[in-house]
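Undergrad: I'd like to go over a predicted model; first the sequence, then the structure.
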Amino acid sequence: MKNFVIITDSCCDLPIEIIEEKQIPFVSLTYSYYEEEYKDDLGKSMTPNKFFDDMRNGAMPKTSQPSSQAFYEAFKEIVSSGRDIIYICVSTGLSGTLNSSNIAKNMIKEEFPQARVHIVDILTASLGQGLMVLKAYEMQENGSSYEEIVDYLEMNKQKLNTYMTVDDLGHLKRGGRISAAAATIGMVLHIKPLLTLNHEGRVMPVVKIRGRKKVIKKLAQIVKERIENSEEQIIAISHGDCIDEAFKLKEYILEEVKVKDVLLNYIGPAVGTFGGPGALAVFFMGRERQHHIIEN
């Protein structure tokens, strides 16, 4: 049986310690501001604190997906050693990264016809993506086959729930996620939107809430309502440099449900560009994703 490698991209936002311990390969997105371009390398070249501080001080970063050449080089290094690939990719609803990886896949298949390269559009980002990477690695370590892992990821990605809030609607407006009018009204009325990723991995509003504390409690309530088999689960919380509120969300959740563990980490620049400082997200396995907007 051929060996295989699970690879991802920097939108996974996994702690660099886990990446290095498990030797998980990843392809970096890039971001730029003040006419400087940086590699999103999970905090090695720039700390999340500095990135979000720069945003607070007026920086307006832009992100770029990896080139097809970057994917080709990463994929070739793996298949050249006789191993197959499962690539867990950030949602196509959030990034064009999948397109670059598909071009690279086709190049690899021409050069290495026997190589298997399966690309999973995981329909989320940040630690939701990271959770699925860790699950795939756990399955591999426990002896699951290439096909079993691919089947699990494809069959369960709609059960991976993503719920989040942001502190400043301006970043969502700049990223084209909400209209300028909606952003202006929301900021004037101190509305904190609670958002989700739908079945296509696109940002959708769930409910509008006045006040930060209320929206964080609502996030915990949604986890309680939607999570399944909680005691067997690692859930994840990622944050845009608002660690105290991330711990408060963890506290609220643990008051309502028992879970196996909670993975907590910063949102990286590729995702944080659109969420901004104060973004807060929770990820867990539960009821299948919503296909429509729910308003209060």
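TA: Arrived safely.

Undergrad: doesn't V27 make contact with A70?
TA: Yes. A70 is within contact range of V27, at 5.5 Å (criterion: C-beta atoms under 8 Å). Yep, even glycine has a C-beta here, placed from its N, CA and C like the rest.

Undergrad: Which one's more surrounded, the two?
TA: More neighbours surround V27 than the other of A70 and V27, with 24 against 18 (other C-beta atoms under 10 Å).

Undergrad: Tell me who's in contact with N156.
TA: Shown in contact with N156 (C-beta atoms under 8 Å, 6 or more residues apart in numbering): M285.

Undergrad: Check it and give its pLDDT.
TA: Note for N156: predicted pLDDT of 98.

Undergrad: host element of it?
TA: Taking DSSP states H and E as the criterion, N156 maps to helix 146-156.

Undergrad: And for K76?
TA: With DSSP H and E as criterion, K76 is part of helix 68-79.

Undergrad: and that helix, how far out from the chain's middle?
TA: 22 Å (C-alpha atoms, centre = their mean, to the nearest Å).

Undergrad: Checking my notes, V223 in a strand, right?
TA: No. V223: not assigned to a strand; according to DSSP: H, G, I helix; E, B strand; the rest coil it is helix.

Undergrad: quick one: it from T162, how far?
TA: 11 Å (C-beta to C-beta, to the nearest Å).

Undergrad: Can you pull the residues that touch both of these two?
TA: V282.

Undergrad: show me what contacts the residue lying closest to C89 once chain neighbours are set aside?
TA: Nearest residue to C89, sequence neighbours excluded (C-beta to C-beta, 6 or more residues apart in numbering): L98, at 5.1 Å. Going by C-beta under 8 Å, 6+ apart, L98 touches 89-90, 92, 119, 121.

Undergrad: picking up where we left off before, got the buried residues for the following helix or strand past the helix holding K76?
TA: Going down the chain from helix 68-79, the next helix or strand is strand 84-89, by DSSP H and E. Within strand 84-89, the residues that qualify as buried by neighbour count (16 or more other C-beta atoms under 10 Å) are 84-89.

Undergrad: Which one of those residues is nearest to E20?
TA: I88 (17.8 Å; C-beta to C-beta).

Undergrad: Help me confirm that that closest one comes into contact with I122.
TA: Yes. Contact status for I88 versus I122: in contact at 5.4 Å, counting by C-beta under 8 Å.

Undergrad: which residues do these two both contact?
TA: 129, 132, 153.

Undergrad: Quick check: pLDDT value at the first one.
TA: Model confidence at Q129, given as pLDDT, is 98.

Undergrad: element containing it?
TA: helix 126-141.

Undergrad: residues of stretch 134-153 that come out buried?
TA: For stretch 134-153, by 16+ other C-beta under 10 Å, it's 134-137, 139-140, 146, 149-150, 152-153.

Undergrad: repeat for stretch 192-208
TA: 192-198, 201, 203-204, 206-208.

Undergrad: Return the subset of the residues you listed lying in strands.
TA: 192-197, 203-204, 206-208 (DSSP state E).

Undergrad: Flag the least confident of those residues.
TA: Scoring these by pLDDT puts K192 last, at 78.

Undergrad: For that residue, list the residues it contacts.
TA: Per C-beta under 8 Å, 6+ apart, neighbours of K192: 165-167, 208-212, 214-215.

Undergrad: Of these, which qualify as buried by neighbour count?
TA: Buried among those by 16+ other C-beta under 10 Å: 165-167, 208-209, 212, 215.

Undergrad: one step back: which residues are in contact with the helix holding Q129?
TA: So helix 126-141 is contacted by 4, 6, 8, 11-14, 18, 22, 24, 86, 88, 90-91, 120, 122, 124, 148-149, 152-153, 157, 160-162, 197, 234-238, 263, 265, 267-268, 271, 281, 283 (C-beta under 8 Å, 6+ apart).

Undergrad: circling back to that earlier point, farthest pair in the buried ones among the contacts of K192?
TA: D167 and K208 (14.2 Å).

Undergrad: Find the helix or strand that I18 is a member of.
TA: With DSSP H and E as the test, I18 turns up in helix 16-22.

Undergrad: Now that helix: buried residues?
TA: 18-19.

Undergrad: Now the element after that helix, going C-ward?
TA: Downstream of helix 16-22 (by DSSP H and E), the next one is strand 26-27.

Undergrad: neighbouring strands for that following strand, and are they parallel or not?
TA: Looking at strand 26-27 with DSSP bridges, its partner strands are strand 4-9 (parallel).
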